[in-house]
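Chemist: heads up, no residue letters with this:
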């Protein structure tokens, strides 16, 4: 017996996102992440979206506590402040992986290639619902995963890479800026350049 066709309301992006969030929150693909996470952190924001920001993973002091990517910690505060300063609207924020990866000492670590691969379907599904024109890759790891290993990570001089009708834009991760490794005034300019696209 075939399933009944979905109504127009059931095909709305917000409903599709809600279903996807429930599916992501039930994920147990990565044993190490299941053991150390406080919660699973699906993407959050407007759908459809003008811009999707993709970070690396929920922070131990941020998304892992709040359940919302880039919230509750210094990186989230800076990212959201820059989005507001650039007057960006209809923004969706997510990560390569949905759980906080920690090292043996309990500190944040980069996710492994296998952990990123396990979450790849989640990210593709979010892109399909958000349908962004621009994807801002926050940090080298997000850039290499989304734009390709051969694409140089050059946020100040690099040009967006067009893939499957989307522009992938290289940007420094807000944690890099918070550490003082990249000037805040230049970060503001990067967001202004993103807004002009």
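Modeler: Here it is on my side, so go on. Every value quoted in this text rests on a predicted model; they were computed, and no experiment measured them. Residues are numbered from 1 along each chain as shown.

Chemist: looking only at pLDDT, what's the mean for whichever strand or helix holds residue 170?
Modeler: Using DSSP states H and E, residue 170 falls within strand 166-171. In this model, strand 166-171 has a mean pLDDT of 96.

Chemist: I'd like to check what contacts it. Which residues are they?
Modeler: Identification of contacts with strand 166-171 by C-beta atoms under 8 Å, 6 or more residues apart in numbering yields 127, 132-139, 143, 146-147, 151, 153-155, 158, 160-162, 190, 194, 197. The C-beta positions use only the backbone N, C-alpha and C, and glycine is treated the same way.

Chemist: ok, and for the longest helix along the chain, which residues are buried?
Modeler: Scanning the chain for the helix with the most residues, using DSSP state H, yields helix 113-130. For helix 113-130, burial by neighbour count (16 or more other C-beta atoms under 10 Å) applies to 115, 116, 118, 119, 122, 123, 125, 126, 127, 129, 130.

Chemist: would you list those residues in a markdown table and tack on distance to residue 87 and pLDDT?
Modeler: As requested, the buried residues of helix 113-130 are exported to a markdown table (distance: C-beta to C-beta, whole Å; pLDDT from 0 to 100):
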| residue | distance to residue 87 | pLDDT |
| --- | --- | --- |
| 115 | 35 | 96 |
| 116 | 32 | 97 |
| 118 | 36 | 96 |
| 119 | 30 | 96 |
| 122 | 29 | 97 |
| 123 | 26 | 97 |
| 125 | 28 | 97 |
| 126 | 23 | 98 |
| 127 | 23 | 97 |
| 129 | 24 | 97 |
| 130 | 19 | 97 |
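
Chemist: what packs against the longest helix of the chain?
Modeler: When contacts are defined as 3 or more C-beta pairs under 8 Å, 6 or more residues apart in numbering; DSSP states H and E, helix 113-130 sits against helix 13-25, strand 51-55, strand 91-95.

Chemist: so which of the ones you listed gets nearest residue 72?
Modeler: Closest to residue 72 of these is strand 91-95 (C-beta to C-beta; 12.8 Å).

Chemist: Residue 131 reaches residue 49, doesn't it?
Modeler: Yes. Counting by C-beta atoms under 8 Å, residue 131 touches residue 49, with 7.3 Å between them.

Chemist: Which of those two has more residues huddled nearby?
Modeler: A direct count of neighbours by other C-beta atoms under 10 Å for residue 131 and residue 49 places residue 49 higher, at 26 against 15.

Chemist: need the contact list for residue 64.
Modeler: Residue 64 neighbours (C-beta under 8 Å, 6+ apart): 37, 38, 39, 41, 58, 99, 100.

Chemist: Next one: it from residue 115, what distance?
Modeler: Residue 64 sits at a distance of 14 Å from residue 115 (criterion: C-beta to C-beta, to the nearest Å).

Chemist: okay but residue 152 is in contact with residue 159, surely?
Modeler: No. Contact criterion C-beta under 8 Å: residue 152 and residue 159 do not qualify, at 10.1 Å.

Chemist: Tell me which of the helices and strands packed on helix 113-130 is the most buried.
Modeler: With neighbours defined as mean count of other C-beta atoms under 10 Å, the helices and strands packed on helix 113-130 peak in mean count at strand 51-55, which reaches a mean of 28.
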